[in-house]
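K.L.:
coordinates only, sequence not included:
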């Protein structure tokens, strides 16, 4: 069963949602971007035993292969990290992204508070950065008419360096920490990105499922032209690879969706006979997006 949010948690989510309503993401300096290919299918929610992971969204499939000595990325941290990296690439039009002089300054960019220890944010961030920057990603699309397939293979990073002292997050590194994005990934995110409100990510950062639903809804509502019902089985294939069956997936999805709708109240979403019903709604970010090619 999903954990019931405390009154304090609900109040915080509501206050953050009200702040988003009062000021646009662009005016608030909170406009961000995520890679479209990582919205249609997403990273694991929890740790994966194997070094292979896949999600499916209709005819689109995302596959991840990890370094066997490092493992695959999972959870909220790599999602937040990907959004920050994509935003920097879109804004600066540069494959090489500087990560900051100190670990604490970089973590501030990600809205993370530096804490040490085995379960602290510092070791978790370093681990997830290594996992994300070391995995190979494959995106595949199969034509529903059986006329052919298309694919894109890439790595997030061609190279990376983290020259921070984890025992002293305020210490300036001897060299500049950076990540050089893979050329194919860079070209993909610059050409095909989804605008999001980074304040919503901040509010939802404790739930990787809520982060996934938010970015997906923002993308879908940007081009949805008629009511669409998405079966629970399809939603589970896209979002719920970590759950054993629909009985476990549905309550988790519903709980995460409630949190998302607090941040995105204009999204017209309900339940139908077979699944989730989406109705044309204002995008959470009011910019023009080209509809995807079917």
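P.N.:
Yep, it's here. Fair warning: this is a prediction, and the values are worked out from it, not measured in the lab. Numbers count the residues shown, from 1 in each chain.
K.L.:
could you pull out the helices for the stretch 101-250 of the chain?
P.N.:
Ranges of helices within the stretch 101-250 of the chain are 103-109, 121-134, 183-191, 198-204, 208-221, 232-239, 246-263, based on DSSP state H, counting those that start in this stretch.
K.L.:
averaged pLDDT, the second one. What do you get?
P.N.:
Model confidence over helix 121-134 averages 95 on the pLDDT scale.
K.L.:
so where is the stretch 1-150 of the chain shaky, pLDDT-wise?
P.N.:
1-29 (pLDDT under 70).
K.L.:
if we use 90, what do you get?
P.N.:
Low-confidence segments of the stretch 1-150 of the chain, defined by pLDDT under 90: 1-31, 37-38, 40-42, 49-50, 56-59, 100-101, 116-119, 141-150.
K.L.:
from residue 64, how far off is residue 41?
P.N.:
10 Å (CB to CB, to the nearest Å). (C-beta placed from N, C-alpha, C; glycine too.)
K.L.:
same check, this time on residue 140
P.N.:
Counting by CB to CB - residue 140 and residue 64 are separated by 12 Å.
K.L.:
so between the two, which is more surrounded?
P.N.:
residue 64 (22 against 16; other CB atoms under 10 Å).
K.L.:
run a quick neighbour tally on residue 139.
P.N.:
Residue 139 has 20 nearby residues by other CB under 10 Å.
K.L.:
give me whichever of the helices of the stretch 101-250 of the chain is most buried.
P.N.:
Ranked by average neighbour count under the criterion mean count of other CB atoms under 10 Å, the helices of the stretch 101-250 of the chain are headed by helix 208-221 at a mean of 25.
K.L.:
next, the angle from the strand or helix carrying residue 32 to helix 183-191.
P.N.:
Per DSSP states H and E, residue 32 falls inside strand 31-35. Computed by axes from the mean of the first three to the mean of the last three CA atoms, to 10 degrees, the angle separating strand 31-35 from helix 183-191 equals 130 degrees.
K.L.:
what is strand 31-35 packed up against?
P.N.:
If you count contacts as 3 or more CB pairs under 8 Å, 6 or more residues apart in numbering; DSSP states H and E, strand 31-35 packs onto helix 76-92, helix 183-191, strand 193-197, helix 198-204.
K.L.:
isn't residue 169 right up against residue 102?
P.N.:
Yes. Residue 169 is in contact with residue 102 according to CB atoms under 8 Å; the separation is 6.4 Å.
K.L.:
out of the helices and strands packed on strand 31-35, which is closest to residue 261?
P.N.:
With CB to CB as the criterion, residue 261 lies closest to helix 198-204 of the helices and strands packed on strand 31-35, at 11.0 Å.
K.L.:
tell me how far that closest one lies from the chain's centre.
P.N.:
From the chain centre to the centre of helix 198-204 is a distance of 11 Å (CA atoms, centre = their mean, to the nearest Å).
K.L.:
so for it, mean pLDDT?
P.N.:
On average, helix 198-204 scores 93.
K.L.:
and it, what other elements does it pack with?
P.N.:
Using 3+ CB pairs under 8 Å, 6+ apart as the contact test, the elements touching helix 198-204 are helix 7-22, strand 31-35, helix 76-92, helix 208-221, helix 246-263.
K.L.:
and these: which comes nearest residue 145?
P.N.:
Going by CB to CB, the one of those nearest residue 145 is helix 208-221, 22.6 Å.
K.L.:
now the closest one and helix 232-239, what's the angle there?
P.N.:
Using the same axes, to 10 degrees, helix 208-221 lies at 110 degrees relative to helix 232-239.
K.L.:
for helix 208-221, packing partners?
P.N.:
Using 3+ CB pairs under 8 Å, 6+ apart, helix 208-221 is in contact with helix 37-40, helix 76-92, strand 193-197, helix 198-204, helix 232-239, helix 246-263, strand 275-279.
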